[in-house]
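# Next one to model:
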Amino acid sequence: MAGTASPQRIAEALARRVIGQAEAVREMAIALAKKLQGLTVGNVLLIGSSGTGKTTLMRAVETFLEGHPELAPQWPLIRVHASVLAEETASRRPGAALLERLLGRARERFAGDEAVEGTLERARHGVVFVDEIDKIRATVGGQPNPAGIRAQEALLTLVENEAVPFRLPEWAGGGEITVDASDLLFVCAGAFEGLYDAVYDRVTIGRDRGSLQPVSVLDEGSVHHEVRFGLREWMRWEDLFDYGLTPQFLSRFESVVLLHDLAEDDLVRIFLETPDSGLPQAREYFAAQGVQLAISPAAIRRIAAEAARQPRLGARAMREVFRRVVRDYEFDPTAAATDGALLLDRPEIDAALAT
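Just a heads-up that it's a prediction; the model follows:
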């Protein structure tokens, strides 16, 4: 059996890379803790706008396990885009593509003199991250989507069946076998573009119109009415059915977690604390040109405020805004530097964003 770790320990490690998504981090930490103990684990569905941290969470799980060999996980992890899965399953038996990926990953990770049977045993306990799950909708524009239906059937075959027919690759001896896939853990994630608007329409002008009532808000001595809508509070299972996830497929997820749109403070933390924010790479580039790059707190806050105006892009908006700021300085790093240092303050940010 694999080593063990508490959900608290796992969550602390994941939260170093995943900012502003405490619920998703906790849910993933619980699932991993159960998996490491050899217990039955329910599958997880992550729903969140682009840039909120879904893929980052998946990568954080990989980094955590790779960085803690004392946990000795005996199973492989793979990541696959749902659209790729749809293409692969178009020409082969449902589930074969994922099983082959798992087996290949187990072979890479646990290479040696291990028999094929041992590698296969590891593969059938693996973790499968499926990104952009919303791209395999069963219906698009009210019309059936055959590729999406095939991909959902492929996943469903693995999720619900304990006896999956599978042809071994040549390096494993070939031949048909039956794989017990009941111990796989699936973590699926998607932005579900349009879901927010569809649910809002349902509760304002659709079949549940009148459910969303305005609230009175006191602001600087005056009272006005606001309509406050949050997808978390109003989304129902039928909204996901209408979106294109089949009831049979959706029912195989024990947890459905909605990720928050990132607030300005979250964006500041992501910019300063995560390795993929763009800041470490920029500093490395300027240092190679003999210039030390520094950014004031006010400048960072201004960049975050600009990025927060695009909530559907999340952390990607932060990188895009920062790129607009530094691109001219990157062309000639020494031109604006003083004594080998370049300080970007609020005026420099305002000027860059005004162009």
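
# If we ignore the residues flanking it in sequence, what's nearest residue 128?
Closest residue to residue 128 apart from its sequence neighbours, by CB to CB, 6 or more residues apart in numbering: residue 186 at 5.1 Å. Backbone N, C-alpha and C define where each C-beta goes, glycine included.

# Kindly report the same for residue 229.
residue 200 is the one closest to residue 229 (CB to CB, 6+ apart), at 5.6 Å.

# Surely the one you found forms part of a helix?
Yes. Counting by DSSP: H, G, I helix; E, B strand; the rest coil, residue 200 falls inside a helix.

# That one reaches residue 230, doesn't it?
No. Between residue 200 and residue 230 there is no contact under CB atoms under 8 Å: 9.9 Å.

# what about those two, which has more around it?
residue 200 (17 against 13; other CB atoms under 10 Å).

# My guess is residue 167 contacts residue 174. True?
Yes. Contact criterion CB under 8 Å: residue 167 and residue 174 qualify, at 7.1 Å.

# Which element is encountered next along the chain beyond the strand or helix carrying residue 286?
Per DSSP states H and E: residue 286 is located in helix 279-288. Next helix or strand after helix 279-288 toward the C-terminus (DSSP H and E): strand 292-295.

# Paired strands for that next one, with orientation please.
strand 341-344 (parallel) (DSSP bridges).

# Go through the partner strand and flag the buried ones.
342, 344 (16 or more other CB atoms under 10 Å).

# Can you list the buried residues in the very next helix or strand once past that strand?
Scanning forward in sequence from strand 341-344 by DSSP H and E, the next helix or strand is helix 346-354. Counting neighbours by 16+ other CB under 10 Å, one finds that the buried residues in helix 346-354 are 348, 349, 352.

# OK, contacts around the second one?
Just to be clear, that refers to residue 349. 299, 302, 303, 325 (CB atoms under 8 Å, 6 or more residues apart in numbering).

# and those, which of them are in helices?
299, 302, 303, 325 (DSSP state H).

# Now that we have the residues you listed, which of them are buried?
So, by 16+ other CB under 10 Å, the buried ones in these are 299, 302, 303, 325.

# isn't the first one right up against residue 350?
No. Between residue 299 and residue 350 there is no contact under CB under 8 Å: 9.2 Å.

# Report the central residue of this protein.
For the chain, the residue nearest the mean C-alpha position is residue 54 (1.5 Å; CA atoms, centre = their mean).

# Look up phi and psi at that one.
Backbone torsions for residue 54, taken as degrees, to the nearest 10, come to phi -60, psi -50.

# Now the closest residue to it other than its chain neighbours: phi and psi?
Ranked by CB to CB, 6+ apart and with sequence neighbours excluded, the top spatial neighbour of residue 54 is residue 189, at 3.9 Å. When read as degrees, to the nearest 10, the backbone of residue 189 gives phi -140, psi 150.

# how near is residue 189 to residue 196?
16 Å (CB to CB, to the nearest Å).

# contacting residues around stretch 300-307?
264-265, 267-268, 271-272, 313, 317-318, 320-322, 325, 346, 349-350, 353.

# Pull out the buried residues from that stretch.
Applying 16+ other CB under 10 Å to stretch 300-307 flags 300, 301, 302, 303, 304, 306, 307 as buried.

# what does stretch 9-21 give?
10, 11, 13, 14, 15, 17, 18, 19, 20, 21.

# for the record, mean pLDDT for it?
Throughout stretch 9-21, pLDDT has a mean value of 93.

# ok, back up a step: quick one: list the elements packing against the helix holding residue 286.
strand 292-295, helix 315-331 (3 or more CB pairs under 8 Å, 6 or more residues apart in numbering; DSSP states H and E).

# Let me have these in a markdown table, adding mean pLDDT and distance to residue 62 as columns.
Compiled in a markdown table, the helices and strands packed on helix 279-288 are given as follows (pLDDT from 0 to 100; distance: least, CB to CB, whole Å):
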| stretch | mean pLDDT | distance to residue 62 |
| --- | --- | --- |
| strand 292-295 | 95 | 30 |
| helix 315-331 | 91 | 18 |
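
# before we move on, back to that, which of residue 189 and residue 196 has more residues huddled nearby?
Between residue 189 and residue 196, residue 189 has the larger neighbour count (other CB under 10 Å), namely 27 against 19.

# Number of residues surrounding residue 292?
Count around residue 292 with other CB under 10 Å applied: 13.

# Look up how far residue 210 lies from it.
59 Å.

# could you measure the residue nearest to the centre of the chain against residue 44, distance?
Residue 54 is 11 Å from residue 44, by CB to CB.

# Could you do residue 226 as well?
33 Å.
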